[in-house]
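Engineer: when you get a sec, could you give me coordinates for this:
(2 chains, ligands or ions: 2)
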Amino acid sequence: MSADFLYGIEVVINGLMAGVLYALVALGFVLIFKASGIFNYAQGVMALFAALTLVGIMEGQVPFSHLINAIFGTDLHYFGWTVPALLAIAVTVVIMIFFAWAVQKFVFRHLVGQEPIILFMATIGLAFFLEGVGDLMWGSDIRTIGLGLPQGGSLWIEEATASLGGDDFYGFFLDKLDILATAVAAVLVAALVAFSQYTKQGRAMRAVADDHQAALSVGISLDFIWILVWSIAGFVALVAGVLWGVKSGVQFSLSLIALKALPVLMLGGFTSIPGAIVGGLIIGVGEKLFEYLVGPLVGGATENWFAYVLALIFLVFRPQGLFGEKIIERV
Amino acid sequence: MLDSGEQSVETLLEVNNIEVIYNHVILVLKGVSLTVPKGGITALLGGNGAGKTTTLKAISNLLHSERGEVTKGSIEYRGEPVADSSPSELVKKGVIQVMEGRHCFEHLTIEENLMTGAYTRRDGGAAADLEMVYNYFPRLKERRKSQAGYTSGGEQQMCAIGRALMSRPETILLDEPSMGLAPQLVEEIFGIVKNLNEKEGVSFLLAEQNTNVALRFAHHGYILESGRVVMEGPAAELRENPDVKEFYLGMSDEGRKSFRDVRSYRRRKRWLS
Ligand SMILES: Nc1ncnc2c1ncn2[C@@H]1O[C@H](COP(=O)(O)OP(=O)(O)OP(=O)(O)O)[C@@H](O)[C@H]1O
Ligand SMILES: [Mg+2]
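Structural biologist: Ligands and ions are numbered 1, 2, ... in the order given. Alright, predicted model coming up:
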């Protein structure tokens, strides 16, 4: 096989791996949008906040230390201990569940039945609020996540595949972290799909997505389902935040991964779980391939805009998205 | 299920003189009272906008999500006030509403729809009850794997009733099951309702515009007009009542009365209620 072709395959594989991560972020949106009709602008900030919280807890940082020091004249920064990763993850999950509960109790319970645009604006407010809380709690420095995840190219894969091509092919270069991230994201996506298809609460979630009134009438508590959905979205945000954060540090730009999810949603449809997955993969592969094939001709850096152009072209032909839920209309 | 000796029967549901207001201003129910005995089929009749659906939703506490509120009177189930119970708590107590217009979960399969009816149950008997529902509605068994949104109106109505059955209810508040269905299907569905009443002992409060069918299957009836009960009695008596015959059953012995008579009749009835 020619080296060019094999390098093309490498690009596709890398694209698929990026795509799984996009899919994960998009899933967070889809879950909330389906169940409550809310387009959650705060999803990206939730990822940032979750990652910050995880790092803060692991490093034994005192939350709100700036605030406490300013008020009481103390000089607290760290507790002086470190917390094992698994325990820290568990505590972060609990905090995200608490966040979900608070969002439902203090914001959306009071906005039931409002226009979608109002709900959307509420999430913008929520995003800024959460960003501020994150700053106040953990400070605004760039942090690194020390989960001890493997990084760098996988020599094993490189050597194993080197023999596929001729002398000018040195094997596939795949980042270990990307491989791990893909595996984690894939498992999470599969678990979410299984949860929504095969469990009682998952079924209730889909029921709520279809018809709030009917769900109420059979005894499903909308409050509970919405807290559940926000909790799951919080967990998805944590995973996405960590995977992204390990790669490029935990910092404000992390919240912009939400922008990566938008074209995925336009492509896959806002209400479709398979759509988010396939849309993520298409965008991941599309932008890497485009950069590889066309990038050199136009001076590179196509990854920033390609996804949006693709999504826009798509919108013209299929506004409900690739898998946008069919609106069932019987005559 | 219900014998002619109605007076000795236990009362399940008691609605006392309730007033309902939507959006803080629209007064819709102006003092409605009714009782639902155990083991009976009680019909709540009346034309468009009479307040049937509002009455049912006031009982099942589904009014809140529509910005409606019970401002006067009381509703008691088995002697306990229901005002502070959520719909979910009421389902656990045995009262469930089948909403007007069926409201199946259209992207769920028929079987998944039925299973959502067992959401509040903790007893693990749902699988057995699924068979029970399929026994009453064999058509649902045939369509169990179909998305509810693609099934026919009759099948959706059956699905909605079957879904309510899955909660093992004592009382079903059934809103306008005949809506938009062919007469033959209406018969079939009312036949099943009667069966459920007799064999499973489920009590029904049945809101219907189709007075004719409802009075044939019900034991007792209330007639609602503009938010007030204007007449009540055993179904057999209502069926024979000349006024009911004329205004709700569309037949008359003495030819059509003049509009003036109709008006004064209504006024008189309101004074009486
Ligand atoms: N959510 C609401 N907000 C304001 N008014 C309402 C609302 N729902 C119903 N109404 C009004 O209350 C009155 C009674 O309505 P209701 O739905 O209870 O009547 P119904 O007897 O069930 O009629 P139908 O046979 O047409 O279903 C109507 O005048 C209706 O316009
Ligand atoms: Mg009605």
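
Engineer: whichever strand or helix holds residue A:261 - what's its average pLDDT?
Structural biologist: Element membership for residue A:261 (DSSP states H and E) is helix A:257-268. For helix A:257-268, mean pLDDT is 84.

Engineer: element containing the nearest residue to residue B:103 once chain neighbours are set aside, please.
Structural biologist: Of all residues not flanking residue B:103 in the chain, residue A:214 sits nearest, at 3.8 Å (C-beta to C-beta, 6 or more residues apart in numbering or on different chains). Where C-beta positions appear, they are placed from N, C-alpha and C, glycine not excepted. Residue A:214 belongs to helix A:212-217 when elements are defined using DSSP H and E.

Engineer: what does that helix contact?
Structural biologist: By C-beta atoms under 8 Å, 6 or more residues apart in numbering or on different chains, the residues outside helix A:212-217 that reach it are A:204, A:207-208, A:222, A:225, B:60, B:62, B:65, B:87-88, B:96-99, B:103-105, B:116.

Engineer: restricted to helices, list those.
Structural biologist: When DSSP state H is applied, those are split such that A:204, A:207, A:208, A:222, A:225, B:60, B:87, B:88, B:116 fall in helices.

Engineer: isn't the second one up against residue A:222?
Structural biologist: Same thing as residue A:207. No - Residue A:207 is beyond contact range of residue A:222, at 10.4 Å (criterion: C-beta atoms under 8 Å).

Engineer: so residue B:12 belongs to a strand, correct?
Structural biologist: Yes - Residue B:12 forms part of a strand when assessed by DSSP: H, G, I helix; E, B strand; the rest coil.

Engineer: how much space separates it from residue A:233?
Structural biologist: The gap separating residue B:12 from residue A:233 is 42 Å, by C-beta to C-beta, to the nearest Å.

Engineer: do residue A:83 as well
Structural biologist: Counting by C-beta to C-beta - residue A:83 and residue A:233 are separated by 24 Å.

Engineer: between those two, who's got more neighbours?
Structural biologist: residue A:233 (27 against 17; other C-beta atoms under 10 Å in any protein chain shown).

Engineer: these two touch, right, the more buried one and residue A:32?
Structural biologist: Yes - in terms of C-beta under 8 Å, residue A:233 counts as a neighbour of residue A:32; the distance is 5.2 Å.

Engineer: okay, and the common contacts of these two?
Structural biologist: Counting by C-beta under 8 Å, 6+ apart, the residues touching both residue A:233 and residue A:32 are A:40, A:43.

Engineer: I'd like the distance between residue B:105 and residue A:154.
Structural biologist: With distances taken as C-beta to C-beta, residue B:105 is found 46 Å from residue A:154.

Engineer: so who does residue A:182 touch?
Structural biologist: With contact set as C-beta under 8 Å, 6+ apart, residue A:182 has these partners: A:16, A:17, A:20, A:21.

Engineer: just the CA trace of the helix or strand hosting it, in CSV.
Structural biologist: Using DSSP H and E, residue A:182 falls within helix A:176-198. Extracted C-alpha coordinates of helix A:176-198, given in CSV (Å, rounded to 0.1, in the frame of the first residue of the first chain):
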residue,chain,number,x,y,z
LYS,A,176,-1.8,7.1,23.8
LEU,A,177,-4.0,9.7,25.5
ASP,A,178,-6.2,9.9,22.4
ILE,A,179,-6.6,6.2,22.4
LEU,A,180,-7.6,6.2,26.1
ALA,A,181,-9.9,9.1,25.7
THR,A,182,-11.6,7.4,22.8
ALA,A,183,-12.1,4.2,24.8
VAL,A,184,-13.4,6.1,27.8
ALA,A,185,-15.8,8.2,25.7
ALA,A,186,-17.0,5.2,23.7
VAL,A,187,-17.7,3.3,26.9
LEU,A,188,-19.6,6.3,28.4
VAL,A,189,-21.6,6.8,25.2
ALA,A,190,-22.5,3.1,25.1
ALA,A,191,-23.5,3.2,28.8
LEU,A,192,-25.7,6.2,28.3
VAL,A,193,-27.5,4.6,25.3
ALA,A,194,-28.0,1.4,27.3
PHE,A,195,-29.3,3.4,30.3
SER,A,196,-31.8,5.4,28.3
GLN,A,197,-33.0,2.3,26.3
TYR,A,198,-33.1,-0.4,28.9
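
Engineer: what parts of chain A come near chain B?
Structural biologist: Neighbours of chain B within chain A, by C-beta under 8 Å from any C-beta of the partner chain: A:112-113, A:200, A:203-204, A:206-207, A:209-221, A:325, A:328, A:330.

Engineer: report the buried members of the residues you listed.
Structural biologist: Applying 16 or more other C-beta atoms under 10 Å in any protein chain shown to the residues of chain A next to chain B, the neighbour count classes A:203-204, A:206-207, A:209-221, A:325 as buried.
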